[in-house]
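> Kindly return the folded structure for what I paste below:
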Amino acid sequence: MGLAFEDADTGKPRLDESKASKYIGKTVLIGLTYLDHNEKLIEQRQCVGTILTFSNEQGIRIGLRDSGESFDLPPDPRGIRVAKLGTYRLRSTGQEVVNPDFLATWTITKPPPKGKG
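Alright, predicted model coming up:
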């Protein structure tokens with residue numbers, strides 16, 4: 001897909017910025033899962049928008065469809081994949097998204113409270 005390569009200095013996945021034009025302007029459906037430090041579910045959110053930036057310096061900025069606000073994803077390609085054709089329904093709003101270009105899924109785990117390891 002040309003989304004990633006490994007940074008020789010850090011060993012971390014990075015975006016292949018030479019492919020940015022294939023992503024900018026495309027629709028992405030984002031699914032976020034928030035867990036506490038014990039990996040217990042806190043919340044799940046979904047949103048949809050248009051990819052505005054695709055760079056290792058700025059990350060992946062999304063212009064959200066419902067609010068017009070922007071939402072930033074890290075410049076880490078592991079949570080992004082090409083979406084299968086079809087209609088996707090956002091659980092929280094019932095909004096239907098027809099044939100998004102990409103799906104982005106992320107799990108965010110809160111750190112333990114200070115003083116607990």
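
> ok, and for the longest strand belonging to the chain, which residues are buried?
When the chain is scanned for its longest strand (criterion: DSSP state E), the result is strand 41-55. Buried positions in strand 41-55, judged by neighbour count with 16 or more other C-beta atoms under 10 Å: 46-54. The C-beta positions use only the backbone N, C-alpha and C, and glycine is treated the same way.

> any idea how far it is from the chain center?
Distance of strand 41-55 from its chain centroid, counting by C-alpha atoms, centre = their mean, to the nearest Å, is 5 Å.

> Contacts made by that strand with the rest, please.
Contact with strand 41-55 is made by 15, 17, 19-20, 23-36, 59-66, 70-71, 75, 90-92, 95, 97, 100, 102, 110, as judged by C-beta atoms under 8 Å, 6 or more residues apart in numbering.

> wait, what's in contact with the most centrally placed residue in the chain?
By C-alpha atoms, centre = their mean, the chain has its centre lying nearest to residue 104, at 3.9 Å. Residues in contact with residue 104 (C-beta under 8 Å, 6+ apart) are 28-31, 60, 73, 79-80.
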